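Chemist: Build me a structure from this.
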Amino acid sequence: MKVTVTPEVLEWFKKEIVIDSHQGIRFFGKVYGNTQVHEGFSVGMSVDQPEHPLYQTTIDGVLFFVEESDDWFFQGYNMQVNYNEQLKEPAYSFSEINESND
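Modeler: Numbers count the residues shown, from 1 in each chain. The predicted model follows:
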């Protein structure tokens, strides 16, 4: 799995979220809502410290990660985090992992 963060939403995270040096943005699956790949579940995010990261990346000093306990939600997919101009918040899209985009 891979998480891609666009420059526009990276700037949103930097302006809107306070993150201590040992913390990052955690993405997880939560009950309620829908995504293009999960009925009844949506993407949640929180400021947290990685304990057992399944995936992590640091972009321009900001850590983004997914914990092993959320593998059930992300398994088989890459996630892109974009900025929704109308809602002024992050938007999430998924693509299946295959040999050309893993």
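
Chemist: show me where pLDDT drops low in this structure?
Modeler: 31-41, 99-102 (pLDDT under 70).

Chemist: hey, where'd the strands end up in it?
Modeler: Taking DSSP state E to define them, one finds strands in the chain at 3-5, 24-34, 39-48, 53-59, 62-67, 77-84, 89-96.

Chemist: Just name whatever secondary elements the shortest one is in contact with.
Modeler: Using 3 or more Cβ pairs under 8 Å, 6 or more residues apart in numbering; DSSP states H and E as the contact definition, the elements that strand 3-5 packs against are strand 53-59, strand 62-67, strand 77-84. From N, CA and C alone the C-beta is placed, and that goes for glycine too.

Chemist: among those, which is the most enclosed?
Modeler: Highest mean neighbour count among the helices and strands packed on strand 3-5 (mean count of other Cβ atoms under 10 Å): strand 62-67, with a mean of 20.

Chemist: by how many degrees do that strand and strand 39-48 diverge?
Modeler: Angle, strand 62-67 to strand 39-48, by axes from the mean of the first three to the mean of the last three Cα atoms, to 10 degrees: 130 degrees.

Chemist: Return strand 62-67 as PDB; C-alpha atoms alone will do.
Modeler: Extracted C-alpha coordinates of strand 62-67, given in PDB (Å, rounded to 0.1, in the frame of the first residue of the first chain):
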ATOM      1  CA  VAL A  62       5.100  15.900   8.000                       C
ATOM      2  CA  LEU A  63       4.800  12.200   8.900                       C
ATOM      3  CA  PHE A  64       1.800  10.300   7.500                       C
ATOM      4  CA  PHE A  65       1.100   6.700   8.600                       C
ATOM      5  CA  VAL A  66      -1.300   3.800   8.800                       C
ATOM      6  CA  GLU A  67      -1.100   1.300  11.700                       C
END
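
Chemist: I'd like to know which elements that strand is packed against.
Modeler: Strand 62-67 packs on strand 3-5, helix 7-16, strand 24-34, strand 53-59, going by 3+ Cβ pairs under 8 Å, 6+ apart.

Chemist: Partner strands of that strand and their direction?
Modeler: strand 24-34 (parallel), strand 53-59 (antiparallel) (DSSP bridges).

Chemist: Out of those strands, which gets nearest to residue 1?
Modeler: Proximity to residue 1 (Cβ to Cβ) singles out strand 53-59 among those, at 5.3 Å.
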